[in-house]
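Asker: curious how this folds, go ahead:
(one chain, ligands or ions: 2)
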Amino acid sequence: MNRSFVAGMLASIAAPLSAQQTPNVVVIVSDDLGYGDLSCYGATRVSTPNVDQLASAGLRFTNAHACASTSTPSRYSLLTGEYCFRRHDTNIATGDAGMIIRPNQITVADIFKQKGYATAAIGKWHLGLGDKQGTQDWNGKLDMSPADIGFDYHYLMAATADRVPCVFIEDGSVVNYDPAAPISVSYTSNFAGEPTGAANPELLTKLKSSHGHNQSIVNGIGRIGYMKGGGRALWRDEDIADSISAAAIRFIEKNKEQPFFMYLCTNDVHVPRMPNERFRGKSPLGLRGEAILQFDETVGKVIEALEANGLTGNTLVILTSDNGPVLDDGYQDEAATLNGDHTPWGNWRGGKYSAFEAGTRVPFIVRWPGTVRSGDTSNALVSQIDLLADAAALINTTVPLGAGIDSRNSLDTWLGRNTDDRDFAATMAANRTLSLQSGQWKYIEPSNGAAKITTVNIETGYLATPQLYDLAADPGETTNLYSSRPAEAERMASKLAELRLPVSQMPTPR
Ligand code: NG6
Ligand code: CA
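Answerer: Numbers count the residues shown, from 1 in each chain. Ligands and ions are numbered 1, 2, ... in the order given. Next comes the predicted model:
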């Protein structure tokens, strides 16, 4: 299926609808924000009043899952409704990776475009840009961008704040491009004469690395990857959140008269944590806590912009995170030493990168005044994989054949009309080990990875033999019931095997 065929097909089923049938949809995805990092999820050493307000005006989920415990695969699944493990090229992407989602693939943005929505991707991207692998030309318009996968507008960081290029991309071009400082990027070798964190630690004036992050230096911070040039286009880390929220507010204001879908991804609370100076000293948790405060402020600004434009009642807001939390993720930002008794992972074991629960059990809040009842909690098992099918159900359109093959309509659960568990949630850890959550059970397939990633001090949940946990009785995943409940383990192992089958061999084609 080529892109023009897809576009034609989508256009042919587009039909104008009344405002009630076309609510705006804002999906806010934070980065590495843990289940226990928000005060509405029990945090006591950090306060997130704006997120708490969103939760008290909406529905807060306690059993929601991202599809992976790292960013790229998690976001791939969220946007495509297809499990990341169906493709081998969904691991954490470099900043010069080509677009992982290809133009012939239907995304959640395409679903909204079927109904004439304005669509935007703002903030952290991390799904590759440009058509080529590792050789993008950052000095002109990129030859492939989110515009080719359903987003009318984008204002993005190519990958993560710790990866070059350290510039924003808007509509395929570098924002504030500086012709006097052409941009070169490489993930294999440095550019002659350019300092690096490894060779010139004296230039790491703002934040020193604890592991990795010792290649190019931008804004006094070591990065992953080599970059030359950029000049006035280079971001200042302290201003990233403001740039992202300003772009979000501009998009809301510009599109207030028509339905819109905004995929809004904050850089907070990913490393390097260097929030704006106005947050300095505001959290006992140090820079990581300040980044949480900054995230909360961004949420507040978006909510306020919706309100100021009269859009609160007609906007469905979803707030979640791409994966679980980490303290020391490569910089000496004191996140671990100042953490004290704060529990970013909530009651769950592990964290970012893990197969254990904290890797993918994420905050998930849905607000839609007048439709979603306010101030309630849902313990239903839900998964971000369903965004695509739920979006289609929400705006009463169909999912094109072959699109979002793993996405199922669970809209009634997301809107709190029932508390039905999804049959299962499949999740992928950093080394691609799969887990399955189903009812009270959690199964982790055997894997040969190390039990702990020592640099980040996180237990992975990798074990050479299968693991089965009863999350109802043992939320901390401490007692492996694999030997005592073989039938349960077998049922879950076969489900994972089925999910791994090529689409043509899947037993229940839609
Ligand atoms: C790791 C990085 C980590 C972070 C992560 C991706 C090192 C030593 N660690 O490889 O800092 O960037 O990748 O995070 O380089 S994610 O949330 O975008 O998946
Ligand atoms: Ca992340």
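
Asker: quick one: low-confidence parts of the chain?
Answerer: For the chain, the stretches flagged by pLDDT under 70 are 1-20, 506-510.

Asker: pick out the residue in it sitting closest to ligand 1.
Answerer: Closest approach between the chain and ligand 1, counting by CB to the nearest ligand atom: Gly212, at 2.7 Å. Where C-beta positions appear, they are placed from N, C-alpha and C, glycine not excepted.

Asker: Ile224 versus that residue, what's the distance?
Answerer: Using CB to CB, to the nearest Å, Gly212 is found at 6 Å from Ile224.

Asker: settle it for me: which of these two has more neighbours?
Answerer: Ile224 (21 against 16; other CB atoms under 10 Å).

Asker: not counting sequence-adjacent ones, nearest residue to that one?
Answerer: Excluding its sequence neighbours, the residue lying closest to Ile224 (CB to CB, 6 or more residues apart in numbering) is Arg163, at 4.7 Å.

Asker: Thr337: which element?
Answerer: Per DSSP states H and E: Thr337 is located in neither a helix nor a strand.

Asker: what about it, neighbour count?
Answerer: Counted with other CB under 10 Å, the neighbours of Thr337 add up to 11.

Asker: so Ser383 bridges to which residues?
Answerer: With DSSP bridges as the criterion, Ser383 is bridged to His65.

Asker: hang on, the earlier thing: got a list of what the residue of the chain closest to ligand 1 touches?
Answerer: Contacts for Gly212 (CB atoms under 8 Å, 6 or more residues apart in numbering) come out as Ile224, Gly330, Thr455.

Asker: try it again at 7 Å.
Answerer: Residues in contact with Gly212, defined by CB atoms under 7 Å, 6 or more residues apart in numbering, are Ile224, Gly330.

Asker: secondary structure class for it?
Answerer: For Gly212, the assignment made with DSSP: H, G, I helix; E, B strand; the rest coil gives coil.

Asker: residues contacting the nearest residue to Thr312 once chain neighbours are set aside?
Answerer: Spatially, and ignoring its direct neighbours in sequence, Thr312 is nearest to Leu306 (5.3 Å; CB to CB, 6+ apart). Contact analysis of Leu306 by CB under 7 Å, 6+ apart lists Ile252, Thr312, Thr315.

Asker: what about the first one, how many neighbours?
Answerer: If I follow you right, that is Ile252. 23.

Asker: next, count neighbours for the closest residue in space to it that isn't next to it in sequence.
Answerer: Spatial nearest neighbour of Ile252, excluding adjacent residues (CB to CB, 6+ apart): Ala305 at 4.7 Å. As a burial measure, Ala305 scores 19 neighbours (other CB under 10 Å).

Asker: gap between Ala305 and ligand 2?
Answerer: In this view, Ala305 and ligand 2 are 25 Å apart by CB to the ion, to the nearest Å.

Asker: wasn't that residue part of a strand?
Answerer: No. Assignment of Ala305 by three-state DSSP gives helix, placing it outside any strand.

Asker: hmm, it is touching Ile249, no?
Answerer: Yes. If you go by CB atoms under 7 Å, Ala305 and Ile249 touch, sitting 4.5 Å apart.

Asker: what's near enough to touch whichever residue of the chain sits closest to ligand 2?
Answerer: Relative to ligand 2, the nearest point of the chain is Ser71 (3.7 Å; CB to the ion). With contact set as CB under 7 Å, 6+ apart, Ser71 has these partners: Asp31, Ile92, His126, Thr160, Asp322, Asn323.

Asker: now the residue most central in space within the chain: how far from Ala358?
Answerer: The centroid of the chain falls nearest to Asp322 when counting by CA atoms, centre = their mean (3.1 Å). For Asp322, the distance to Ala358 equals 13 Å [CB to CB].

Asker: over to Trp138?
Answerer: Distance, Trp138 to Ala358, using CB to CB: 36 Å.

Asker: who's more crowded, these two?
Answerer: Taking neighbours as other CB under 10 Å, Trp138 and Ala358 compare with Ala358 leading, 31 against 25.

Asker: mind putting the contacts of Leu306 in TSV, distance to Arg236 included?
Answerer: Below are these laid out as TSV (distance: CB to CB, whole Å):
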residue	distance to Arg236
Ile252	24
Thr312	32
Thr315	31
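
Asker: anything in stretch 215-229 near ligand 1?
Answerer: Yes. Using CB under 6 Å from any ligand atom, stretch 215-229 reaches ligand 1 at Ile224.

Asker: so Leu79, which state does it fall into?
Answerer: Here Leu79 is helix, with the state taken from three-state DSSP.

Asker: that one against Ile101, yeah?
Answerer: Yes. The criterion here is CB under 7 Å, and Leu79 meets it with Ile101 at 6.5 Å.

Asker: can you give me the strands in the stretch 151-300 of the chain?
Answerer: 153-157, 168-170, 173-174, 184-186, 217-218, 221-222, 226-228, 260-265 (DSSP state E, counting those that start in this stretch).

Asker: could you export the last one as CSV, CA atoms only?
Answerer: Spelled out, that is strand 260-265. Coordinates of each C-alpha in strand 260-265 appear next as CSV, following Å, rounded to 0.1, in the frame of the first residue of the first chain:
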residue,chain,number,x,y,z
PHE,A,260,-7.5,18.7,16.8
PHE,A,261,-5.4,15.9,18.1
MET,A,262,-2.2,16.8,19.9
TYR,A,263,0.5,14.2,20.8
LEU,A,264,2.4,16.2,23.3
CYS,A,265,5.6,14.6,24.7
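
Asker: ok, that strand: who's next to it in the sheet?
Answerer: strand 24-30 (parallel), strand 118-124 (parallel).

Asker: now look at the first one and say if it contacts ligand 1.
Answerer: No. Remark: strand 24-30 sits outside contact range of ligand 1, by CB under 6 Å from any ligand atom, the gap being at least 10.4 Å.

Asker: if we can go back for a sec, run a quick neighbour tally on the residue nearest to Ile224.
Answerer: Neighbour tally, Arg163, other CB under 10 Å: 25.

Asker: that older thread, which one of the strands paired with strand 260-265 lies closest to Gly300?
Answerer: Closest to Gly300 of these is strand 24-30 (CB to CB; 11.3 Å).

Asker: hmm, that closest one in reach of ligand 2?
Answerer: No. Strand 24-30 lies out of reach of ligand 2 by CB under 5 Å from the ion, never closer than 8.4 Å.

Asker: so Gly300 sits against Asp52, correct?
Answerer: No. With contact defined as CB under 7 Å, Gly300 does not count as touching Asp52 (10.5 Å).

Asker: report the buried residues of stretch 439-447.
Answerer: Buried residues in stretch 439-447, counted by 16 or more other CB atoms under 10 Å: Trp441, Lys442, Tyr443, Ile444, Glu445, Ser447.

Asker: what's in contact with that stretch?
Answerer: 355, 357, 421, 431, 433-436, 461-472, 477, 488-489, 492-493, 496.

Asker: residue numbers of the stretch 51-200 of the chain in contact with ligand 1?
Answerer: Within the stretch 51-200 of the chain, the positions adjacent to ligand 1 are Thr70, Ser71, Ile92, His126, Thr160, Asp162 by CB under 6 Å from any ligand atom.
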